[in-house]
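In: missing the sequence, but the structure's below:
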């Protein structure tokens, strides 16, 4: 449970504009869709995907790193890592089982002929959208375990897009459709409180000293 007194203490340090901005952004955040990226060698692509998640309101990004063990490029992410939750996995199996247990269907994004086109995708079901590399695509393990497949309609000679571009197109399309639907896509009250606390902590310099002061004052009381 969230310590509401502690939240109030931290938010009292923030400006009114900052607090209002948090509420406005959180009002457009969703976990109805989540994004997963698999073994992306060039981590600036993962960082760019994270940025698209943040801009278009996806709260969670799942990163599978079985091979490369790279770290998020903070310059490319441009601070998005402060506002998006990153779930890291060391295997495809662990990621898929975790997401399925949360109630997500697994959707592989591929350019194959018989895949569902973006505009025809059913947005009513909570979905985890998996992206692979432009060169290799998604692994066979993900393709075999996927509940469905999704592709962006293309009319040129090129058969694939860079992962960061395709993710941005798909995320923007699906989140825009979601916000214009009657689906219950928003964060719960508890999730909003959790994010308010997390974002307040991320916004305050020298947070450890501030926290120590709060707990010291409360112990004295």
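Out: All right, it came through fine. This structure is a prediction, so every number in the text was calculated from the model and none was measured.

In: what sits opposite residue 60 in the beta ladder?
Out: In this entry, residue 60 is beta-bridged to residue 85, by DSSP bridges.

In: residues in contact with the residue most central in space within the chain?
Out: Most central residue of the chain, judged by C-alpha distance to the mean C-alpha position with Cα atoms, centre = their mean, is residue 60 at 2.7 Å. Under the criterion of Cβ atoms under 8 Å, 6 or more residues apart in numbering, the contact partners of residue 60 comprise 31, 34-35, 53, 84-87. (Each C-beta comes from the backbone N, C-alpha and C, glycine too.)

In: which one among those gets closest to residue 182?
Out: residue 31 (17.6 Å; Cβ to Cβ).

In: Not counting its neighbours along the chain, what's nearest that closest one?
Out: Beyond its immediate neighbours in the sequence, the residue positioned closest to residue 31 (Cβ to Cβ, 6 or more residues apart in numbering) is residue 59, lying 5.2 Å away.

In: a strand runs through residue 128, doesn't it?
Out: Yes - under DSSP: H, G, I helix; E, B strand; the rest coil, residue 128 falls within a strand.

In: what's the pLDDT at it?
Out: Looking at residue 128, its pLDDT stands at 98.

In: Hmm, residue 34 and it touching each other?
Out: Yes - counting by Cβ atoms under 8 Å, residue 128 touches residue 34, with 5.0 Å between them.

In: Next, residue 103: secondary structure please.
Out: coil.

In: I'd like the distance between it and residue 31.
Out: Per Cβ to Cβ, to the nearest Å, residue 103 is found 10 Å from residue 31.

In: Specify which residue of those two has the higher count of neighbours.
Out: Legend: neighbour count by other Cβ atoms under 10 Å for residue 103 and residue 31, higher for residue 31 (18 against 11).

In: which residues does that one contact?
Out: Residue 31 is in contact with 59-60, 126, 187, 191, counting by Cβ under 8 Å, 6+ apart.

In: please redo it, this time with the cut-off set to 7 Å
Out: For residue 31, the set of contacting residues under the criterion of Cβ atoms under 7 Å, 6 or more residues apart in numbering consists of 59-60, 187.

In: Distance to residue 164 added to those, as a markdown table?
Out: Formatted as a markdown table, those follow (distance: Cβ to Cβ, whole Å):
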| residue | distance to residue 164 |
| --- | --- |
| 59 | 19 |
| 60 | 18 |
| 187 | 25 |
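
In: Closest to residue 6 out of these?
Out: Closest approach to residue 6 among the contacts of residue 31 (Cβ to Cβ): residue 187, at 19.8 Å.

In: Roughly how far does the residue nearest to the closest one when sequence neighbours are not counted sit from residue 121?
Out: Taking Cβ to Cβ, 6+ apart as the measure, residue 187 lies nearest to residue 29, with 5.3 Å between them; neighbours along the chain are not counted. Note on residue 29: its distance to residue 121, by Cβ to Cβ, is 20 Å.

In: which secondary element of the protein has the worst mean pLDDT?
Out: Each helix and strand of the chain was given a mean pLDDT (mean pLDDT, DSSP states H and E); the minimum falls on helix 74-77 at a mean of 45.

In: can you give me the strands in the chain?
Out: 33-38, 60-64, 85-89, 105-109, 116-117, 127-131, 148-151 (DSSP state E).

In: Run the chain-centre distance for the longest helix belonging to the chain.
Out: When the chain is parsed with DSSP state H, its longest helix is helix 163-179. Averaged C-alpha coordinates place helix 163-179 at 12 Å from its chain's average position (Cα atoms, centre = their mean, to the nearest Å).
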